[in-house]
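>>> please work out how this folds:
(one chain, ligands or ions: 3)
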Amino acid sequence: LTADRYPWVTRAPHLSRIEDKHVAAFERLLGPSGVITEEEQLDGYNTDWLKMVRGQSKVVLRPKTVEEVSAVMRSCSEGKLAVCPQGGNTGLVGGSVPVFDEIVLSMSLMNNIIKVDPVGGNVWCEAGCVLEAVNTHLEKFGLMMPYDLGAKGSCQVGGNVSTCAGGLRLVRYGSLNANLLGVQAVLANGDILDCMSGHRKDNTGYHLRQLFLGAEGTLGIVTGAVISCPTLPTSVSLACLGLDDFSKVLTTLRTSKRILCETLSSCEVMDDTCMDAVANKLGLKPPLGSHKFYMLVETHASNPQHDGDKMDAFLQELLACGDVEDGTVASEPSKMNALWQIRERITEALSRDGYLYKYDLSLPHEKFYEIVHVMRNRLRGVKAAKTVSGFGHVGDGNLHLNVEADAFDQEILEMCEPFIFDWTQKNGGSISAEHGIGFKKAKFMGKYAATGKASLSTMRAIKTALDPNGILNPYKVLPPA
Ligand code: FAD
Ligand code: 2HG
Ligand code: ZN
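Numbers count the residues shown, from 1 in each chain. Ligands and ions are numbered 1, 2, ... in the order given. Below you'll find the model as predicted:
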């Protein structure tokens, strides 16, 4: 995706272009190792995970402390230099890479876990901590992060906060809206906003930390976070089920909630196209024979006997009602991991070759899979469209709809957009469930912002108040005025 494919974006004329004097000033602030200007090193920072969006930044800054971030932002604010904050660069909507020549502010070196409160169950960490590293650290305290993503090996807590990441266990532990207890952020003018007390209850005025949740780097640089952490389960089970009809996926979801109840920790679905992709492109062995749909239903519990009894009752009920064709259950870590790999690596498999049109929709459950059929019919005569697939967090009503093509194709794009967004809106859904808006969807915010036009003007008012010069991740989230 380059600007010529998005003719609606033009470089903001009031923003300065980076000059040698700026680079020299940054080197004085961060030391030479904190400033990257070599062409070949810049490439990775300019290109997104999907390799579909490419910016043209000439400078990457790597601060190590909040004071350094503050000094950088003060200098950018004075010089009207635009900044694109970057965490693990695993975002899927083009928000983490520059569009033009914005400075990339990489948070990777701010990766200290500050402290853990094992009694309260909270972790304080810097924004650049990698999710998996925090989780591994928390295990020592019998705790875990309240969310888990396939990108856990690279994505960072600051990126997770900034996208309000959802993931695989939201059905049990809730969203970051509830689990984010504190934020430290550097504002556009360099001021440090410290809301890191970490109290579960704190009604002293506006809940400022929530401003940065899902702000995608447009309101400030998140430099630290306090996260509420659930107790690490001592008994975990995972069922993989094969089903031949989507209506049975929904009845199985209801059955899982009814019987597994408080132990249910994840309920995910994938269709046969996704299973074929992970099997054929990544060589992962399908756990069951061929079915139209596969579900992963996981439990987190504290008593193996109780957990096992509940899982048995669940499976017996599924066999008795005939909703499930086949299934397997694992409680050994290696077997569970093999099953999770199949689910977590779908994105990698689908994007292995060619071009992927990616949609992340919240939908009422009864409409969840319908759009996959609609798009298959719609794209039937379009040769360049290879597959249309659906998978995702069915427990949360979040569908990942993907259209695969050999290469970017304008006809497919026009068949998908805005059709999918219109369909989603008409059916009471949201055009971004968990990935955010970033660059790719900003253009559509005017029409499809989840809560209507007043929400957009409020967002603009907040943006103007916090970032009057528009230097923080420009061209992202909000549509051009
Ligand atoms: P980046 O990609 O670097 O940035 C994302 C956005 O946040 C950008 O707009 C960036 O400017 C901003 N940002 C990053 N760090 C900061 C900061 N410190 N301060 C201010 N702004 C910042 N997402 C889900 O919600 N659920 C999933 O299940 C899920 N699974 C995934 C699986 C795979 C294989 C991949 C590749 C991605 C997946 N994602 C998922 C998307 C992505 O991993 C998440 O959006 C994640 O939270 C991004 O974190 P990051 O550190 O990589 O952020
Ligand atoms: C997931 O749930 C991620 O695996 C990625 O949110 C979804 O690739 C996608 O469409
Ligand atoms: Zn997801």
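
>>> buried residues in stretch 134-142?
By neighbour count, with 16 or more other CB atoms under 10 Å as the criterion, the buried positions of stretch 134-142 are Val134, Asn135, His137, Leu138, Phe141. Bear in mind the C-beta positions are built from the backbone N, C-alpha and C, glycine included.

>>> wait, I meant stretch 98-115
Neighbour counts using 16+ other CB under 10 Å place 98-111, 113 of stretch 98-115 among the buried residues.

>>> give me the element Ala165 is part of.
Take DSSP states H and E as the rule and Ala165 turns out to sit in neither a helix nor a strand.

>>> tell me the pLDDT at it?
For Ala165, the model assigns a pLDDT of 98.

>>> ok, now which ones touch it?
The contact partners of Ala165, taken as CB atoms under 8 Å, 6 or more residues apart in numbering, are Tyr147, Leu149, Cys155, Gly159, Leu176, Glu434.

>>> which among the residues you listed gets closest to Ile471?
Minimum distance to Ile471 across those is 19.4 Å, recorded for Gly159 (CB to CB).

>>> separation between the closest residue to the closest one other than its chain neighbours and ligand 2?
Closest residue in space to Gly159, ignoring its immediate chain neighbours: Gly87 at 2.9 Å, by CB to CB, 6 or more residues apart in numbering. Applying CB to the nearest ligand atom, to the nearest Å, one obtains 15 Å for the distance of Gly87 from ligand 2.

>>> name the nearest residue to Gly166, sequence neighbours excluded.
Counting by CB to CB, 6+ apart, the nearest residue to Gly166 once its immediate chain neighbours are dropped is Glu434, at 3.5 Å.

>>> just checking, that neighbour touches Asp360?
Yes. Assessed by CB atoms under 8 Å, Glu434 is found in contact with Asp360 at 6.1 Å.

>>> so which of the buried residues of stretch 98-115 are in helices?
With helices defined by DSSP state H, no entry of the buried residues of stretch 98-115 lies inside them.

>>> next, the buried residues of stretch 453-473.
Counting neighbours by 16+ other CB under 10 Å, one finds that the buried residues in stretch 453-473 are Leu456, Met459, Lys463, Leu466, Asp467, Asn469, Gly470, Ile471, Leu472, Asn473.

>>> coming back round to it: who touches both of Glu434 and Asp360?
Taking CB under 8 Å, 6+ apart as the contact definition, Glu434 and Asp360 share the neighbouring residues Asn398.

>>> interface residues of the stretch 201-350 of the chain facing ligand 1?
With CB under 6 Å from any ligand atom as the criterion, the stretch 201-350 of the chain comes near ligand 1 at residues Glu216, Gly217, Ile221, Val222, Thr347, Glu348.

>>> columns distance to Asp307, pLDDT and secondary structure on top of the residues you listed, output as TSV?
Converted to TSV, those look like this (distance: CB to CB, whole Å; pLDDT from 0 to 100; DSSP: H, G, I helix; E, B strand; the rest coil):
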residue	distance to Asp307	pLDDT	secondary structure
Glu216	38	98	coil
Gly217	40	98	coil
Ile221	42	99	strand
Val222	36	99	strand
Thr347	30	98	helix
Glu348	31	98	helix
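
>>> which is the next helix or strand following the helix or strand harbouring Asp422?
Here Asp422 sits within helix 419-426, counting by DSSP H and E. The C-terminal neighbour of helix 419-426 among helices and strands, as given by DSSP H and E, is helix 445-448.

>>> only the buried residues of that next one, if you could.
Neighbour counts over helix 445-448 (16+ other CB under 10 Å) mark Met445, Tyr448 as buried.

>>> list the contacts of that helix.
Contacts of helix 445-448 with the rest of the structure, by CB under 8 Å, 6+ apart, involve Pro418, Phe421, Thr424, Gln425, Ile431, Ile437, Leu456, Val477, Leu478, Pro479.

>>> can you give me how far it is from the chain middle?
Once both centres are worked out by CA atoms, centre = their mean, to the nearest Å, helix 445-448 turns out to sit 20 Å from its chain's centre.

>>> begin at 44, not 1, for the rest of this chat.
Got it, the first residue is 44 from now on, which makes the last one we talked about helix 488-491.

>>> now name the helix or strand holding Ala67.
Of the helices and strands defined by DSSP H and E, Ala67 is found in helix 63-73.

>>> which strands or helices does that helix pack on?
For helix 63-73, the helices and strands in contact under the criterion 3 or more CB pairs under 8 Å, 6 or more residues apart in numbering; DSSP states H and E are strand 78-79, helix 109-122.

>>> which one of these lies closest to Asp439?
Checking the helices and strands packed on helix 63-73 against Asp439 by CB to CB gives helix 109-122 as the closest, at 33.1 Å.

>>> that closest one vs helix 63-73, what angle?
For helix 109-122 against helix 63-73, the angle by axes from the mean of the first three to the mean of the last three CA atoms, to 10 degrees is 160 degrees.

>>> so which bits of helix 109-122 are buried?
Of all the residues in helix 109-122, those buried under the rule 16+ other CB under 10 Å are Val109, Glu111, Val112, Ser113, Ala114, Val115, Met116, Arg117, Ser118, Cys119, Ser120, Gly122.
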